[in-house]
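K.L.:
Give me a model of this one.
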Amino acid sequence: MAGIYVVVGTVARDTAGAGITLSFLLSGIVAFLTAISYAEFGVVKSKDKTNLPHPDALGAIIIIVVTILLSIGVKESAYVNNVFTIINIATIFFIIVFGFTIGSTSVLPWKSEYYPFGMMGVLQGAAQCFYAFTGFEAITVASEEVINPKRNVPVGILSAMFATCLLYIFASTALTMLVPYYKISTEAPFAAAIAERGYPWAKNCIAIGTTISILSPLLASLYTLPRCIFAMSNDGLLFETFGRTTQNGIPFKATLLSGFMSAIIVLFTELKQLVEFVNVLTLVSYVTVNISIIMIRYVPCGQMTHHIDIAQELLENDKELFENVNIFESKFKRDCISEQPREIGTIKRCFHRLNYSCSHGIGFSIPRCIFIMTGSMLCFSITIIHLRSFLSYYSFLFYTLLILLATMTFISLGTIALHTQTMEKVNFQVPWVPILPSIAIWCNLFLVIWIPAINWIYFVIWNSIGLMVYFLYGVNHSKENYQPYSDFANLINNQELIKRMN
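P.N.:
Residues are numbered from 1 along each chain as shown. The predicted structure follows:
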């Protein structure tokens, strides 16, 4: 929640003006759409003044201290984080009350002064404000340590996002009521705005509160990252040593690695550059999560099409094996040729004449439709944002391209909707699949296009390092990758044993 202190000054003064309130609202809606998808995954998976760059030694030291605190134990660090969170909320409430009490109401949403940079500035500001909403995914990462995660994880994510969005909207409105947007400080926006009004004591309170509040998301981030490393190590994607815990259940080595890497990055990276890069990573990961929601609804998990075909052929050739042995029937039939998995990913019966995907295997069309839909959405957003001025002299070409991309998007979405979803029920599911996740995908893509291009170069470099680790180590040690094959092989290997029993 302390992310507002980082972005609100820069966005309000240089990008959106008083329209930052609307920027926070748009960012909140996009983040809320993705939070719904994270909520389902939480249920399913619960098992200085100079412009020269300089090393941020203080930031690195703080990260090291927080890392040591997290290494002591979750319970101890949770107490400290609760104190920081209470101070953070109290500080934001103080800002809101103070701003609405002594602030000016001359800047209102229906006045032109409210949008000094126009709607394009508001949209660009929404992309930058998105950083303030990151962190709710930490609830999902910690789902295995939550009591009754199937209920508490969705409630925690959605309620946290709703409350955070409201607080951000009111706090940013209070800031623009205190001072004109062009006088907002980028270093200490709230404290400087209150000082501008002639309340030095209130400025000191806000300065202390914001300083302490920034430690809260730091704790949350350094809590989440080690558990991501821990989970990936358990899946075989990273080195096994990072998948071990202490007697208190703390991923000690993963925590030390996370703290060391974070300290190095903070030591040599400027804040604005880091925020923009984090926005790219976050928005891309949110796109991936929404794509995954569609995939798990329409593609049978842990089951390969050719396994089912082999299973049917085997049973046809060995009827006695299927009829007489309960162990084979109960496991093999349930896992490989049950009626429900056979229907998942196939065209609905009322559209059985459109059987192209069925003839190519279960779930054949879904990944391809998602790829076409996502690519069309991305090209649509790029055309509107970056090619609009270039193609303004060729309006026919501009609108033709938009119509073509929109048509491809809707055809792909409609094709996905024609397929049968899984009937498996969990305590919380994303409603209106695939429509709602598709809207979230487009919103995230639309925002990520506003991020400066240099951050995409960093993104490519960072992902290249990750892919190198995956192909050199993870692909050969992935437990999930070989699970379907090993399960099927075990069933086939039981054939000789079963025949001997007969």
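K.L.:
quick one: low-confidence parts of the stretch 251-400 of the chain?
P.N.:
The stretch 251-400 of the chain contains residues with pLDDT under 70 at 300-346, 348-364, 391-393.
K.L.:
redo that, cut-off 90
P.N.:
251-283, 285, 295-366, 384-399 (pLDDT under 90).
K.L.:
Please apply the same query to the stretch 1-150 of the chain.
P.N.:
Counting by pLDDT under 90, the stretch 1-150 of the chain has low-confidence residues at 1-19, 31-86, 88, 102-150.
K.L.:
cutoff 50 now
P.N.:
In the predicted model, the stretch 1-150 of the chain carries pLDDT under 50 at residues 48-54.
K.L.:
can you confirm Ala163 is in a helix?
P.N.:
Yes - Ala163 sits within a helix when classified using DSSP: H, G, I helix; E, B strand; the rest coil.
K.L.:
can you pull the pLDDT of the nearest residue to Gly474 once chain neighbours are set aside?
P.N.:
Counting by C-beta to C-beta, 6 or more residues apart in numbering, Gly474 lies nearest to Leu237, which is 3.9 Å off, once chain neighbours are set aside. Bear in mind the C-beta positions are built from the backbone N, C-alpha and C, glycine included. Per-residue pLDDT puts Leu237 at 87.
K.L.:
What helix or strand is Leu237 located in?
P.N.:
Leu237 belongs to no helix or strand when assigned by DSSP states H and E.
K.L.:
and the gap between it and Val287?
P.N.:
Applying C-beta to C-beta, to the nearest Å, the value for Leu237 to Val287 is 20 Å.
K.L.:
where along the stretch 151-300 of the chain do the helices fall?
P.N.:
Secondary structure of the stretch 151-300 of the chain by DSSP state H, counting those that start in this stretch: the helices cover 189-196, 200-213, 215-234, 252-268, 271-298.
K.L.:
average model confidence for the shortest one?
P.N.:
The pLDDT scores in helix 189-196 average 91.
K.L.:
Let me see the residues that make contact with that helix.
P.N.:
Under the criterion C-beta atoms under 8 Å, 6 or more residues apart in numbering, residues 5, 8-9, 12, 95, 98-99, 171, 175, 178-179, 183-185, 202-204, 206-207, 210 lie in contact with helix 189-196.
K.L.:
returning to what we had before: deepest in the core, which of the helices of the stretch 151-300 of the chain is it.
P.N.:
Most buried of the helices of the stretch 151-300 of the chain by mean neighbour count (mean count of other C-beta atoms under 10 Å) is helix 189-196; its value is a mean of 24.
K.L.:
between that helix and helix 200-213, what angle do the directions make?
P.N.:
With axes from the mean of the first three to the mean of the last three C-alpha atoms, to 10 degrees defining the directions, helix 189-196 sits at 170 degrees from helix 200-213.
K.L.:
Can I get helix 189-196 in CSV, CA atoms only?
P.N.:
Extracted as CSV, the C-alpha positions of helix 189-196 are listed here (Å, rounded to 0.1, in the frame of the first residue of the first chain):
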residue,chain,number,x,y,z
PRO,A,189,4.6,15.0,-2.3
PHE,A,190,2.3,14.7,0.8
ALA,A,191,4.7,16.3,3.3
ALA,A,192,5.6,19.1,1.0
ALA,A,193,1.9,19.8,0.1
ILE,A,194,1.0,20.1,3.8
ALA,A,195,4.0,22.3,4.5
GLU,A,196,2.9,24.5,1.6
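K.L.:
Distance from the chain centre to it, please.
P.N.:
33 Å (C-alpha atoms, centre = their mean, to the nearest Å).
K.L.:
switch to numbering from 591
P.N.:
From this message on, residue numbering opens at 591, which makes the last subject helix 779-786.
K.L.:
Would you map out the domains in the chain?
P.N.:
The chain breaks down into these domains under automatic domain parsing: 594-858, 888-1091.
K.L.:
looking at these, which is closest to Val870?
P.N.:
Ranking those by proximity to Val870 (C-beta to C-beta) places domain 888-1091 first, at 4.8 Å.
K.L.:
can I get the domains of the chain in TSV with distance to Leu873?
P.N.:
TSV is the format used below for the domains of the chain (distance: least, C-beta to C-beta, whole Å):
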stretch	distance to Leu873
domain 594-858	7
domain 888-1091	4
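K.L.:
Most tightly packed of the ones you listed?
P.N.:
domain 594-858 (a mean of 19).
K.L.:
Spit out the contact partners of Phe850.
P.N.:
For Phe850, the contact set (C-beta under 8 Å, 6+ apart) comprises Thr657.
K.L.:
Would you mind measuring from the residue nearest to Glu866 when sequence neighbours are not counted to Ile854?
P.N.:
Once flanking residues are discounted, Glu866 sits nearest to Asn1045: 4.8 Å by C-beta to C-beta, 6+ apart. Applying C-beta to C-beta, the value for Asn1045 to Ile854 is 19 Å.
K.L.:
Identify the residue spatially nearest to Thr605, adjacent ones excluded.
P.N.:
Gly715 (4.4 Å).
K.L.:
Okay, and the one you found sits in which element?
P.N.:
Counting by DSSP H and E, Gly715 is part of helix 708-719.
K.L.:
so the residue nearest to Thr605 makes contact with Leu615?
P.N.:
No - distance between Gly715 and Leu615: 10.7 Å, which falls outside the contact criterion (C-beta atoms under 8 Å).
K.L.:
what is the mean pLDDT for stretch 746-762?
P.N.:
In the prediction, stretch 746-762 has an average pLDDT of 90.
K.L.:
And the contacts of that stretch?
P.N.:
Applying C-beta under 8 Å, 6+ apart, the contact partners of stretch 746-762 are 591, 594, 598, 602, 610-611, 613-615, 618-619, 621-622, 625-626, 628-629, 632, 679, 682, 685-686, 689-690, 719, 722-723, 726, 729-730, 736, 780.
K.L.:
does the closest residue to Gln1019 other than its chain neighbours belong to a helix or a strand, and which?
P.N.:
Distances taken as C-beta to C-beta, 6+ apart put Glu630 closest to Gln1019, at 5.6 Å, once the chain neighbours are dropped. Element membership of Glu630, judged by DSSP H and E, is helix 610-634.
K.L.:
Does anything pack onto that helix? Which helices or strands?
P.N.:
helix 594-601, helix 708-719, helix 727-731, helix 739-768, helix 861-888, helix 1025-1038 (3 or more C-beta pairs under 8 Å, 6 or more residues apart in numbering; DSSP states H and E).
K.L.:
quick one, helices of the stretch 991-1092 of the chain?
P.N.:
Using DSSP H, counting those that start in this stretch, the helices of the stretch 991-1092 of the chain run over residues 1025-1038, 1044-1059, 1065-1067, 1069-1091.
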